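> Prediction below, plus the sequence it came from.
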Amino acid sequence: MAAAPTSGTAHGARTDHGARTAHALGTARTLWELLVRRAELTPEAPVLIQAADDPSEDRTVTFGMLRRHAERTAAGLYEEGVRPGHTVAWQLPTRIETVVLSLALARIGARQTPVIPVYGEREVALALRATGAAWYVHPGTWRGTDYAALADRIGARHDLRPRTLTAYDTLPDGDQDRLPEPPDEGTGVRWIYWTSGTTSQPRGVRHTDRSLIAGGSCLAHALRPRPDDVGSIAFPYAHIGGPDYLVMLLLYGFPAVLFERFALPDALAGYRRHGVTTAGGSTAFYTMFLAEQRKQPGEKLIPSLRLLAGGGAAKPAELYHEVVTELECLLTHGYGMTEAPMITMGTPDDTPTHLATTEGRPPAAMDIRITTPDGTPLPPGSEGEVRLRGEAVCQGYLDAAQTAEAFDADGYLITGDLGRVLESGHLVLTGRTKDIIIRKGENISAKEVEQLLYEHPAVADAAVIGLPDAERGERVCAVVEQPPGAPPVALTELTAYLRERGLATYKLPEQVEVVDALPRNEALRKVLKYRLRERFG
């Protein structure tokens, strides 16, 4: 096992970062080919900077180093028995080693399924079972969670026993001359990402190298990075945004600072130390930066910051104006999902009105259709269901039945979102048809939480809703009916129960309301959640 090599150089020589170079690189068929092209073009330029609590422990790798180490790691994995076509599940924090491991698997041609670190037993077991993963790579003990013990519990309770590998600060190392040729096409499904929508369990989303490159290309061309930019990845790299952002770095040749744990104000030192110019992640990140800025009015929070960008949750118009005024930077917000990581994005030259009130415009390669519920296209300016078609859209789900439901007869992805397209081409989202809660950019299935709550002896019925929250976007609220004579149930009791059942921490309710009866319609007795939102919001 060998540690990832690093360079002491914080910033290096950079060559052509223009759109022409990015376009040429974007024709790469695979993610590995894209890395090779960039490493040949600017081998000494930095790409990943790991921010540590102790500045002396910061690490930097260049594009050339990233390619070399990924290839040696691929050789080490190959010697361990990982082969093209094998499925490898990895649940790792945002570190240089994680990026290296993912690229190494891409070099081999293995199928990989990233699992965000906050996922618990239920989600990890589902990912292993649904993908037939032969390997489970974890960080050992990280932030209080013993992932080896988690693997043992999954083996005992779910009869799932893939080979395990610990990869935190060291990675397998081998002779790259023993590797087979890398994949020469990018249309095969080699990525399975996980999302929760209206179903009770996360769904496995099937992506290809080309769909990930297309998504990252669209993001990059919208944000228009500059040669002197320094980006940042403060969200889980296992999220679909991870490869999205990496592709942008490879296309435009600039670096990003990685934050293993994002918490303010502690992370600010890393942003300032490395001169981060572009930051963000989701609406929750904007509000966190604003809260810190308000502690020191008159002094710019991050002196080098010129742009906040993100998506994953609704952005109130007033938040845009607060960011621009108080953080003294641009804010471009976009619309994406695990199934299509880049759908629309605001650009630096959009008008303030468009940046404040829309989700930006789609790139030329993304076709947005607004329809009636039965799929009939609506005229421009009409509000309806948002449907998508383009190279960045996924190849469906692991479950063929879910795929059939998600795509219409013309091959458009049915997003479950409502919106309209302005004459300028900007998209305005107006609501959701899917019953999901978006908390800090992560989708939470209300139905999944409801089903677990229903099994609690002190709960007769439950409805889980999202309520507006300035910090999180939405907070999870459980509204419950209790059986006659049951003692009042408390939030701590319910969350402890849900933890025991293996529900991920980020899905736990933050508010519990007890009602005599849930409001229902007269026909099918369906719970009227809009009434609960009106009452408790």
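Sure thing, it's come through. Numbers count the residues shown, from 1 in each chain.
> quick one, domains of this structure?
With domains defined by automatic domain parsing, the chain comprises 19-176+186-211, 436-536.
> Arrange those in CSV, one row each, with mean neighbour count and mean pLDDT as further columns.
The way it works is simple: take the backbone N, C-alpha and C, and place the C-beta from them, glycine included. Shown next, in CSV, are the domains of the chain (neighbours: other Cβ atoms under 10 Å; pLDDT from 0 to 100):
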stretch, mean neighbour count, mean pLDDT
domain 19-176+186-211, 20, 95
domain 436-536, 17, 89
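> I'd assumed L250 was in a helix, is it?
Yes. Assessed by DSSP: H, G, I helix; E, B strand; the rest coil, L250 belongs to a helix.
> Please tell me how far it sits from G132.
30 Å (Cβ to Cβ, to the nearest Å).
> same check, this time on T372
Distance from T372 to G132, by Cβ to Cβ: 39 Å.
> ok, now E181?
To G132, E181 is 25 Å away according to Cβ to Cβ.
> just to revisit the earlier point, ok, which of the domains of the chain comes nearest S282?
The closest of the domains of the chain to S282 is domain 436-536. By Cβ to Cβ, the value is 3.3 Å.
> For D146, give its distance to P236.
19 Å.
> Sorry, slip of the keys, the one I care about is W194.
11 Å.
> just checking, what packs against the helix or strand hosting V512?
Taking DSSP states H and E as the criterion, V512 maps to strand 511-514. Judged by 3 or more Cβ pairs under 8 Å, 6 or more residues apart in numbering; DSSP states H and E, strand 511-514 is in contact with strand 473-481, helix 491-500, helix 529-536.
> any chance of the ones you listed in CSV, plus distance to L518?
Below are the helices and strands packed on strand 511-514 laid out as CSV (distance: least, Cβ to Cβ, whole Å):
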stretch, distance to L518
strand 473-481, 6
helix 491-500, 16
helix 529-536, 8
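> Can you give me every residue that contacts the residue nearest to A256 when sequence neighbours are not counted?
Distance criterion Cβ to Cβ, 6 or more residues apart in numbering; nearest residue to A256, sequence neighbours excluded, is G231 at 3.7 Å. Under the criterion of Cβ atoms under 8 Å, 6 or more residues apart in numbering, the neighbours of G231 are P225, Y245, M248, L249, F254, P255, A256, V257, V276, T277, T278, A279.
> can you rerun that using 10 Å?
Taking Cβ atoms under 10 Å, 6 or more residues apart in numbering, we find G231 in contact with 47, 49, 223, 225, 245, 248-249, 252, 254-258, 276-280, 307, 309.
> burial count for D435?
Neighbourhood size, D435 [other Cβ atoms under 10 Å]: 18.
> Wait, it touches G416, no?
Yes. Taking Cβ atoms under 10 Å as the definition, D435 is a contact partner of G416 at 9.1 Å.
> ok, T351 touching L422?
No. Counting by Cβ under 10 Å, T351 does not reach L422; the two are 11.3 Å apart.
> and for these two, which residues touch both?
What both T351 and L422 touch, as defined by Cβ under 10 Å, 6+ apart, is the set T357, T358.
> Show me where the stretch 1-150 of the chain has its helices.
19-25, 31-41, 63-80, 96-108, 121-131, 147-158 (DSSP state H, counting those that start in this stretch).
> mind checking which of those helices is nearest E405?
helix 121-131 (16.9 Å).
> Which other helices and strands does the closest one contact?
Secondary-structure packing of helix 121-131 (3 or more Cβ pairs under 10 Å, 6 or more residues apart in numbering; DSSP states H and E): strand 87-90, strand 111-114, strand 135-138, helix 147-158, strand 189-195, strand 203-208, helix 446-454.
> so the closest residue to T283 other than its chain neighbours, which of the three states?
Nearest residue to T283, sequence neighbours excluded (Cβ to Cβ, 6+ apart): A313, at 4.3 Å. With three-state DSSP as the basis, A313 sits in coil.
> Can you name the residues that contact A313?
A313 makes contact with 282-286, 333, 438-443, 472-474, according to Cβ under 10 Å, 6+ apart.
> I'd like the distance between it and S282.
Computed as Cβ to Cβ, the A313 to S282 distance reads 5 Å.
> now do T338
From T338 to S282 the distance is 14 Å (Cβ to Cβ).
> can you list residues touching both of these two?
H239, G241.
> which of those two has more neighbours?
Applying other Cβ under 10 Å to T338 and S282 shows that S282 carries more neighbours, namely 24 against 20.
> No further queries at this time; thank you.
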